[in-house]
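Chemist: from the sequence below, what's the structure:
(chains A and B)
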Amino acid sequence: MAIISKDFRALRLDNVQRDFGAFNALKGITLDIARGEFVALLGPSGCGKSTALNCVAGLLPLTDGTISLDDTRIDQLSPEHRGFGMVFQNYALFPHMTVARNVGFGLAMRGESKANIVERVAEALRLVRLEGQADKLPGQLSGGQQQRVAIARAIVVAPPLVMMDEPLSNLDAKLRLEMRAEIRRIHAHLGSATIYVTHDQDEALSLADRIVVMRQGEVRQVGTPEALYARPATLDVAEFMGFRNLLPGRIDTGTQGAAAVVTVEDTSCTGTPVGPLQPGAVTLAIRPDDLSPRDDGPFAAHVEQVEYRGRAFFGIAATGRGTSLHFHSPVRVKQGEALRLGADPDRILIYGAAP
Amino acid sequence: MTDAALPHRAASASLRQRLARRGVDATTLLVLPAALTILGLFVYPFLEGLVLSLLPKTGGTFSNYAKFFSDPFLYQTIPTTLGIAVPATLANILLSVPVALRVRKMKRQRFLTTILVIPITLGTVLVAEGLLNYLGPQGWLNRTLITLHLISHPVRLVHNYWGVFWSLVISGFPFTFLLTLSYVTGIDPSLERAASTLGAGPRARFRTILLPLMASGLAITFCLSFVQAFAVFPSAVLVGSPAGSTRVISIAAFQAAYETYDDSLASSIAMIMAAIQLVIVVLVLAGRGFLYRGPASGGKG
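Modeler: Predicted structure coming up:
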């Protein structure tokens, strides 16, 4: 019998709020998650993403708002009655139980028959590729194996929703990449919805169908990985999505269209406005990956620091007024070398706010 | 290899090196004060007591032991003492677990812990004194009940089994509670959260997660609390009935030593006490072998 999640259409968070004393950890989150969808909650530490997850799991009561599964409100239910699967950051495996008993715990709590438990535990362990480890204690497993036990334990009950709270943060870089692929594969197999909390934008980009960027307890942007990567809606989302160069500038005429000319320091360049802009102060956002030496580049600078990272050289250059620019170069540049840096106009985003 | 390479240094260095290889170096000397204390204050008196117990006033080597186990007035003190110490210890543990589970989730944990621990500083005599004042025939409780016409004669609450029992519970609870609290707080809270997301309600979480992870610690707690309770003396005399239902083994030893001046018999009784405690502790610790004893956290956190 294959583990396939229960049927449902959507999980809906409506104006979900959570306070800790006077601190608003969540300031009204509204979000729909469809069956089969992989949603990543992305944001820096303290942005409320784990709080949101714990609210959905029922581990934290809401201060205000509702959570419903299809037409049923679930925010008043205790976690044991919600039937969601959760993978904890530290895995939270029961140290006194074997792998098989850990994985079978949820089934035992649901009063399943022994034969049924054995069969489904075996199936879940096969799914996470841990056959043959069933009789070990969690302490005898490596970090990656423990992580997969935690996943097997969460999915064996075929939950409509699987939640993962930074599940890869304790693993080394290589294992992280492997487990990413595993998580994606398991998600596709189950057909359940997955909410995945992370502060790692690479992880979110590679795993999710939809990314929810959170900051200071609010949702700042919801979109596909492609949309978020190319067009962050606000300056702080852009900063979080890897736009390391944020330059103050001015525009003289308001814009609504595709391109605008911005005065930056003593030069000017053409960029792409994000939303309508008023004349006045603006901020340019450019990724280091998009800023490179080119003869017609608008920014005259000299190289301060450079390091080789395999596919390219990455460096920091200072403009005449001392502004640091993070750039990349396919060919070696030397420290102290004078160069001109530029980027394609559609890779220079213009936001109507000071950095 | 080093010895062969440096033959001229081998003689001077070898002893120190060989000791160091076994983990013995100058730091090891720091053990000396503790070792001397144990030898002087524990091992020596114990051995002297053992020898003394084998040199009875009259009769053969083991006649004291034979006397103890043939005289019901003496050997009955064993079930009497166990009958007080075991229930009191179990009561303390049964009381400590829920209190510790609750205290662990409280914000003013330190304040509450301080209040609960105060009885430990009082000592058994003061606790017995307090019990007499509160629960004695002329105590506040009886007088209040009589004033309220709920009873016509004072209820006998002390100078019997229950007086000693409550005295042991009061003086033993802080100790049991502190030990239990440390085991309970050592359990990773995310384990309970994980269990709840998997469908385990509060009872199931206690049964499947908390209890198994605490069990081994509770066994240790039982041993330590039991040994304390088994040696009960002041409260057995002050709030018990030392000639009857609370004639515990330490009273028998006291009477042998200071009423009949038979040091040898008193030593024998002390040895028997030690042996009984040892048997119980060994049994409990052996049982602990069947329990889970590993870490109480849920992964590489």
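Chemist: use CA for all of it now, contacts and neighbours both
Modeler: Will do.
Chemist: distance of B:L285 from A:R82?
Modeler: Distance, B:L285 to A:R82, using Cα to Cα, to the nearest Å: 41 Å.
Chemist: between these two, tell me which one has more neighbours.
Modeler: Shown here are B:L285 and A:R82; by other Cα atoms under 10 Å in any protein chain shown, A:R82 has more neighbours (22 against 17).
Chemist: grab the nearest non-local neighbour of the more buried one.
Modeler: Closest residue to A:R82 apart from its sequence neighbours, by Cα to Cα, 6 or more residues apart in numbering or on different chains: A:I74 at 7.0 Å.
Chemist: where does the stretch 101-250 of chain B come near chain A, residue by residue?
Modeler: Counting by Cα under 8 Å from any Cα of the partner chain, the stretch 101-250 of chain B comes close to chain A at B:188, B:190-191, B:193-201, B:204, B:209, B:212-213.
Chemist: summarise which helices and strands the one helix or strand B:T121 maps to is packed against.
Modeler: Element membership of B:T121 [criterion: DSSP states H and E] is helix B:109-135. Judged by 3 or more Cα pairs under 8 Å, 6 or more residues apart in numbering or on different chains; DSSP states H and E, the packing partners of helix B:109-135 are helix B:77-103, helix B:140-147, helix B:161-185, helix B:234-238.
Chemist: that one to helix B:140-147, inter-axis angle?
Modeler: Orientation check (axes from the mean of the first three to the mean of the last three Cα atoms, to 10 degrees): helix B:109-135 against helix B:140-147 gives 60 degrees.
Chemist: mean confidence for helix B:109-135?
Modeler: What helix B:109-135 shows for mean pLDDT is 83.
Chemist: list the buried ones in that helix?
Modeler: B:113, B:116-117, B:119, B:124-129, B:131-132, B:134-135 (16 or more other Cα atoms under 10 Å in any protein chain shown).
Chemist: repeat that for stretch B:195-208.
Modeler: Within stretch B:195-208, the residues scored as buried using 16+ other Cα under 10 Å are B:A195, B:S196, B:T197, B:L198, B:G199, B:A200, B:G201, B:R205, B:F206, B:T208.
Chemist: how about residues contacting stretch A:212-220?
Modeler: Contact with stretch A:212-220 is made by A:24-29, A:39-44, A:46-49, A:221-223, A:233-234, A:237, as judged by Cα atoms under 8 Å, 6 or more residues apart in numbering or on different chains.
Chemist: make that stretch A:57-73, sorry
Modeler: Under the criterion Cα under 8 Å, 6+ apart, residues A:8-19, A:28, A:51, A:54-56, A:74-79, A:82, A:84, A:86, A:163, B:193, B:197 lie in contact with stretch A:57-73.
Chemist: pull out the buried members of these.
Modeler: A:8, A:10-19, A:28, A:51, A:54-56, A:74-75, A:78-79, A:82, A:84, A:86, A:163, B:193, B:197.
Chemist: residues from chain A in reach of chain B?
Modeler: Among all residues of chain A, those adjacent to chain B (criterion: Cα under 8 Å from any Cα) are A:57, A:59, A:79-86, A:88-96, A:105-106, A:109-110, A:138-139, A:143, A:146, A:154, A:170.
Chemist: would you point out the helix or strand in chain B whose mean pLDDT is lowest?
Modeler: helix B:2-5 (a mean of 47; mean pLDDT, DSSP states H and E).
Chemist: which residues of the chain score low on pLDDT?
Modeler: This is for chain A. Applying pLDDT under 70 to chain A flags residues A:1-6, A:254-257, A:353-355.
Chemist: the chain in question should be chain B.
Modeler: Using pLDDT under 70, the flagged stretches of chain B are B:1-13, B:298-301.
Chemist: the stretch 251-355 of chain A: helices as residue ranges?
Modeler: In the stretch 251-355 of chain A, no helices are defined using DSSP state H, counting those that start in this stretch.
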